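# here is my input, please return the structure:
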Amino acid sequence: MTPLPGRPVRGSTTGRPIMALLDLLGRRWTLRILWELRDGAKPTFRALQQQCDGISSSVLATRLRELGEADLVGHAGDGYTLTEQGKSLFGTLVQLDAWAAQWRPKAG
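Got it, this is the predicted structure:
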């Protein structure tokens with residue numbers, strides 16, 4: 001089942017939106033798919049599969065279905081693209097990436 005706000009997800013029986021999002025983003029290949037769609041290109045299923053080195057067709061189909069149900073990825077007649085919500089999320093992920101690049105855990 002696709003993790004969505006209001007549905008129980010891993011780590012949250014209440015389905016808090018942040019927990020649903022983290023569950024979805026933590027699934028294999030999800031972030032890579034979002035990354036490959038970042039520039040507005042509309043790759044076909046096969047082209048996206050090639051861009052995501054090594055992803056199986058069944059996993060890609062599942063992730064695209066989940067991302068579609070979450071309204072983060074859409075499919076037009078000519079390929080896949082980020083929705084407006086997907087673009088907004090990607091902008092937030094870029095900020096998180098910038099933070100992570102500066103992250104310096106204490107030496108243990």
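
# all helices of this structure, in order?
Remark: helices assigned in the chain by DSSP state H are 17-25, 30-36, 45-51, 57-69, 84-102.

# ok, residues contacting the first one?
Here helix 17-25 makes contact (C-beta atoms under 8 Å, 6 or more residues apart in numbering) with 2-7, 9-12, 30-31, 66-67, 70, 89. C-beta coordinates here come from the backbone N, C-alpha and C atoms, glycine included.

# hmm, back to that, figure out which of the helices of the chain is closest to Asp78.
helix 45-51 (10.7 Å; C-beta to C-beta).

# so what does the closest one touch, helix or strand wise?
If you count contacts as 3 or more C-beta pairs under 8 Å, 6 or more residues apart in numbering; DSSP states H and E, helix 45-51 packs onto helix 30-36, helix 57-69, strand 79-82.

# of all these, which one is nearest Thr44?
Short answer: strand 79-82, nearest of the helices and strands packed on helix 45-51 by C-beta to C-beta, at 5.0 Å.

# sorry, back to before: output the helices and strands packed on helix 45-51 as TSV; include the columns distance to Thr44, mean pLDDT and mean neighbour count.
As requested, the helices and strands packed on helix 45-51 are exported to TSV (distance: least, C-beta to C-beta, whole Å; pLDDT from 0 to 100; neighbours: other C-beta atoms under 10 Å):
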stretch	distance to Thr44	mean pLDDT	mean neighbour count
helix 30-36	12	97	18
helix 57-69	11	98	16
strand 79-82	5	97	19
